[in-house]
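**Q** give me coordinates for this.
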Amino acid sequence: MSERAQSKLEAKRELLDQIDSNILELLAQRFLRVKEVAEIKLDSGEAIRNPNREHEMLRRLSLEAKELGLSDLYVTKLYQRILEESVKIQEYQVLAQLKGKQTLAIKKVGYQGIESSYSSMACNEFFDLRGEATSQVGYSSFAAIAEDVAKGNLDYGVLPIENNITGPLNEVYDLLIRNQVAIVGELEYHVKHCLVAKKQIDLQSVERVYSHPQALMQCSDLIGLMGKAQPIDANDTADSAKQIAASDRDYDVAIASEEAALRYNLEILKKNIANKSNNNTRFVVIAKNQELGDDRVRTKVSLQVSTGGDSNLLLDVLAMVRSKGFSLGTLVSRPHPHKNQETVYLLDLRVTNHSTWLKTLDELRSMLPYVRVLGAYPDHEEKHLNLNTLSKAEEPALQPAEKSQKIDYKNTLPCPKELGLDKKPYKLSSRISKQEPTVLQIGNCKLGGQHKAIIAGPCSVESRQQIMDVAAQVARLGGGILRGGCFKPRTSPYAFQGLGYEGLQLLREAGDRYNLPIVTEVMHPEDIKPVAELADMIQVGARNMQNFSLLKEAGKVDCPIMLKRGLMASIDEWLSAAEYLLAHGNGQVLLCERGIRTFETATRNTLDLSAVPVLKERTHLPVIIDPSHASGTWRYIPDLSIASMAVGAHGIMVEVHPEPEKALSDGPQALVYPIFEDLMRNVQQYL
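**A** Here you go, the predicted structure:
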């Protein structure tokens, strides 16, 4: 090129640079006006998004573009993106106001990999948009991020959860299931993979290709065309670029971002190398606690649900949420973390407003054994307006699938409103929200409705020989569930407190050997999750019936909970305690009457048999009776057991011991094997 031509070219480039600077300045001014508009909307309560205005604006700009000789399609796409960013800015201002004020504290955020990895860049984009100052830390694994968020060591974690080429990241979904974290945001990040090397080389001469396993899968077509190239896993895409830069091998390459190539001074051999040109990864932002929502913000709700092995329930759920006007986003199934042959479902719903959603959540909890809200957060998936149509009338809503059989309670039980249940402080545990009886699946045993079972075992797990011996007798005589205390609440601090986790392992071993599900008591919130991984049911004891911290944690696990009645609790107080479990997502609740404290001293407690018919009127939850703790004396237990079953209890829980006189706890109320065998014979007619 001649000097004159070069000079002209440079002059034109300077003009373009000036125009680009002007465009940036105008964009900055536009977003400043957007924030001012948001403040007015906040004060007036006006909705953040006005689809009709956006539609009219795009139509006007499209016409202006044509008059200026520009592509109306290009201008429309450009402004669709600008509008999306404007809406996000306004929505985050709403959420910031809900928190009370714009926080100036620097938030600690974890992402997987090192700087210039896609997780790092997604992290920057998300928090830049929110206007929050962050201190960012790279982690070697997704699991470490989730764990530190759950422990409170990180304010936020950024995790990739699905890619439109390789699908869902099952590892991340499993981490959401196992950890008590909440999704508070999402970001769809456009991934532009590049093939990078120390120098320009022919693709057929490439020997090894380094990158994160996900990136290698997303670019598998190109790798397959490179002949002898061997894929090598790296911690993340940026780390693969770093390794190549430090290597003395000239024919090794990496799949990484253009930013990583610039950071490590590498040559870009080829851009946009993914199997699909439109390669997008959805990232979620997790925190220890959920953040507040608002009807003015487009909301996505992520749920974790279990159907108790009945996959048809999922169809009922999908029909129901459709009938409410919600749309389904992602639906993923994962194996249950500690229940064989059961599935956990994770689904995203786009909800219309929070009040409708909260009512729907109550309905879901009445339908399903376990519902956990993983998060309710701004829905920022791209949803551009269609220039060709204004808002269409909504399609007719689908009605929920009809049940094959409906139980008629009108002829047998009073109407819930006649009982005044609509005025009670509990609603999820009440027959107002659910009339069909709840049936619990406890291991291989069903309990509730028409299903009844006998729970038996020692007060405390004392040794391997003792629990194996008792389990053998419980199984032989037709017991359904094996009980055994591992963590014992004792009146005296000097009494036997249980074997703890060692006892739990022995109880699990005995249950597995004799094919019996197991139940044990938990006293501390931090023990709920590890015990739930081994036990088939967790017992919340009478002294902890109103330990609300314990109830909240128990409500977060997908494991049946036996809730014992407090020593001096009314039935309404008992059901209100059960409400804590259901309100936190766990609908698998079993009520256990174990006697209440009265003026009578002839027995340890006074067994309230009338609680059973009263509860059957008020709640859909199953109820059993513990005559052992009610009487405190083995002689009364057989008769009280028969009375319990005759009055309509779904089962009894009795204590059995090979040598009650040597028992380390509650020996006087434990049955010896011959009496237990006689009891089992007498209650068979009720099972």
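
**Q** show me the shaky parts of the stretch 101-250 of the chain.
**A** Scanning the stretch 101-250 of the chain for pLDDT under 70 picks out the ranges 101-105.

**Q** ugh, wrong one, I meant the stretch 451-600 of the chain
**A** 490-491, 494-495.

**Q** what about the helices in it?
**A** 464-476, 501-513, 525-532, 548-555, 571-583 (DSSP state H, counting those that start in this stretch).

**Q** from the contact counts, what lies against the first one?
**A** Which is helix 464-476. Secondary-structure packing of helix 464-476 (3 or more Cβ pairs under 8 Å, 6 or more residues apart in numbering; DSSP states H and E): strand 453-457, strand 481-483, helix 501-513, helix 673-683. Yep, even glycine has a C-beta here, placed from its N, CA and C like the rest.

**Q** now for these, which one comes closest to Leu73?
**A** Leu73 lies closest, by Cβ to Cβ, to one member of the helices and strands packed on helix 464-476: helix 501-513, at 63.5 Å.

**Q** could you give the angle of the closest one to helix 464-476?
**A** Angle, helix 501-513 to helix 464-476, by axes from the mean of the first three to the mean of the last three Cα atoms, to 10 degrees: 30 degrees.

**Q** and helix 501-513, C-alpha only, in PDB?
**A** In PDB, the C-alpha atoms belonging to helix 501-513 read as follows (Å, rounded to 0.1, in the frame of the first residue of the first chain):
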ATOM      1  CA  TYR A 501     -22.700 -42.200  64.800                       C
ATOM      2  CA  GLU A 502     -21.100 -45.600  65.700                       C
ATOM      3  CA  GLY A 503     -24.600 -46.700  66.900                       C
ATOM      4  CA  LEU A 504     -26.200 -45.300  63.700                       C
ATOM      5  CA  GLN A 505     -23.800 -47.500  61.600                       C
ATOM      6  CA  LEU A 506     -24.800 -50.500  63.700                       C
ATOM      7  CA  LEU A 507     -28.500 -49.700  63.300                       C
ATOM      8  CA  ARG A 508     -28.000 -49.400  59.500                       C
ATOM      9  CA  GLU A 509     -26.200 -52.700  59.300                       C
ATOM     10  CA  ALA A 510     -28.900 -54.400  61.300                       C
ATOM     11  CA  GLY A 511     -31.600 -52.900  59.100                       C
ATOM     12  CA  ASP A 512     -29.900 -53.900  55.900                       C
ATOM     13  CA  ARG A 513     -29.300 -57.500  57.100                       C
END
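
**Q** quick check: next helix or strand after the host helix or strand of Leu16?
**A** When elements are assigned from DSSP states H and E, Leu16 belongs to helix 3-44. Downstream of helix 3-44, the first helix or strand assigned by DSSP H and E is helix 51-67.

**Q** what about that next one, distance to the chain center?
**A** 41 Å (Cα atoms, centre = their mean, to the nearest Å).

**Q** which strands or helices does it pack on?
**A** Applying 3+ Cβ pairs under 8 Å, 6+ apart, one finds that helix 51-67 contacts helix 72-98.

**Q** can you list the domains in the protein?
**A** As assigned by automatic domain parsing, the chain contains the domains 29-98, 194-273, 292-383, 425-443+451-490+498-686.
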